[in-house]
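>>> Pasting a predicted model and its sequence here:
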Amino acid sequence: MKYFKHDTAIIEEGCTIGDDTSIWHFTHLMTGCTIGNNCNIGQNVFIGDEVVLGNNVKVQNNVSIYTGVICADDVFLGPSMVFTNVINPRSTIERKNQFKKTRVKKGASIGANATIVCGNELGEYCMIGAGSVITKPVKPYALMMGNPALQKGWVSEYGHTLSFSTAGIAVCPESGETYRLEKEVVTKITGSIKVI
């Protein structure tokens, strides 16, 4: 075993857990989930069967990740945020065969107490504000806030708000990386570019 498990955590048989991952107090991993390398799973976290977390995923305390969720590498899940997996749940009606997939792409961050309605894809490096409710797909690098969440701007891979010039170019103030906005799609530019 090359990962850390707190004595109070429950890991059911059939889970796959990568190297250098830490699983903290009162967390429960269901059969068949897959956790990548170098993940940190906080206290009182529930991870359902068949959930997939990539490498370097950070899950803060009190998070519920239900069946149907797939998170790519470098995803951040803030305290007490929650995923859903059924659109119209009822206590007396069995809908386990109607679980919808939710995909969270590389580098995305979801703030504290946010809710992600199932069946949506969250694009690479998007930022979901604390308390937001996501009811539709989210574009890469989009900044989403509110209930229901609306796009309020764009962020860099370092999480800074991007201010685009009239030519559609922005520079991250921390990394110096350059981004282009064209037809409501943001891409990171590799190589040198003259910023206008």
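Arrived safely, thanks for sending. Quick caveat: nothing in here was measured; it's all calculated off a predicted structure.
>>> what domains does the record give for the chain?
As assigned by automatic domain parsing, the chain contains the domains 4-155, 160-196.
>>> Make CSV out of the ones you listed and add mean neighbour count and mean pLDDT.
Where you see a C-beta, it was placed from the backbone N, CA and C, and this is true even at glycine. Compiled in CSV, those are given as follows (neighbours: other CB atoms under 10 Å; pLDDT from 0 to 100):
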stretch, mean neighbour count, mean pLDDT
domain 4-155, 18, 97
domain 160-196, 13, 89
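>>> and Y3, how many neighbours does it have?
Residues within reach of Y3, counting by other CB atoms under 10 Å, total 17.
>>> check contacts around the nearest residue to it once chain neighbours are set aside.
For Y3, ignoring the flanking residues on the chain, the nearest one in space by CB to CB, 6 or more residues apart in numbering is T21 at 4.2 Å. Neighbour list for T21: 3-4, 35-41 [criterion: CB atoms under 8 Å, 6 or more residues apart in numbering].
>>> rerun at 6 Å
The neighbourhood of T21, defined by CB atoms under 6 Å, 6 or more residues apart in numbering, consists of 3, 35, 39.
>>> Also G18?
For G18, counting by CB under 6 Å, 6+ apart, the contacting residues are 36-37.
>>> Return the distance of it relative to A149.
As defined by CB to CB, to the nearest Å, G18 lies at a distance of 31 Å from A149.
>>> for V117, same thing?
With CB to CB as the criterion, V117 and A149 are 10 Å apart.
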